[in-house]
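K.L.:
Just a sequence and a predicted model for now, questions to come.
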Amino acid sequence: MCPASGRLITTNADRIRAMSDQELAAFLDGICYGRDEPWERAFKASCCDCCPTVEATDEYGKHCNLHECDFADGVCPHGDSILWWLVRTQQVE
């Protein structure tokens with residue numbers, strides 16, 4: 001409550017607590033790009049490590065293994081890693 005105006009003040013934490021799972025996933029995605037996110041480790045272990053790969057050779061002759069998401073505009077067919085992590089039961093890491 002703001003003492004001057006008497007209005008209820010919404011903090012950043014209040015705004016985050018009020019978000020849907022989808023809104024929170026989008027918010028986290030926007031602030032955590034390229035860091036060691038806990039959802040990426042768990043998602044990779046559960047989905048990516050089991051995902052079938054196809055051996056390929058790029059235009060420079062380099063051999064690599066491609067996952068399903070490497071063919072679909074970078075979109076994983078298993079879904080969004082952050083949203084997947086948010087709705088899982090809490091894991092102690």
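P.N.:
Great, that's in hand. Numbering: from 1, shown residues only.
K.L.:
contacts and neighbour counts: CA atoms only from here.
P.N.:
Will do.
K.L.:
for the longest helix anywhere in the chain, which positions count as buried?
P.N.:
For the chain, the helix with the greatest residue count under DSSP state H is helix 21-31. Neighbour counts over helix 21-31 (16 or more other CA atoms under 10 Å) mark 21, 24-25, 29 as buried.
K.L.:
any idea which helix or strand comes after it?
P.N.:
With elements assigned by DSSP states H and E, the helix or strand that comes after helix 21-31 is helix 38-46.
K.L.:
Restricting to C-alpha, output the next helix or strand after that following helix in CSV.
P.N.:
Remark: after helix 38-46, the chain's next helix or strand is strand 54-57, criterion DSSP H and E. These are the backbone C-alpha positions of strand 54-57, laid out as CSV (Å, rounded to 0.1, in the frame of the first residue of the first chain):
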residue,chain,number,x,y,z
VAL,A,54,20.7,-38.4,-38.3
GLU,A,55,24.4,-38.3,-39.4
ALA,A,56,24.9,-35.5,-41.9
THR,A,57,27.7,-33.7,-43.7
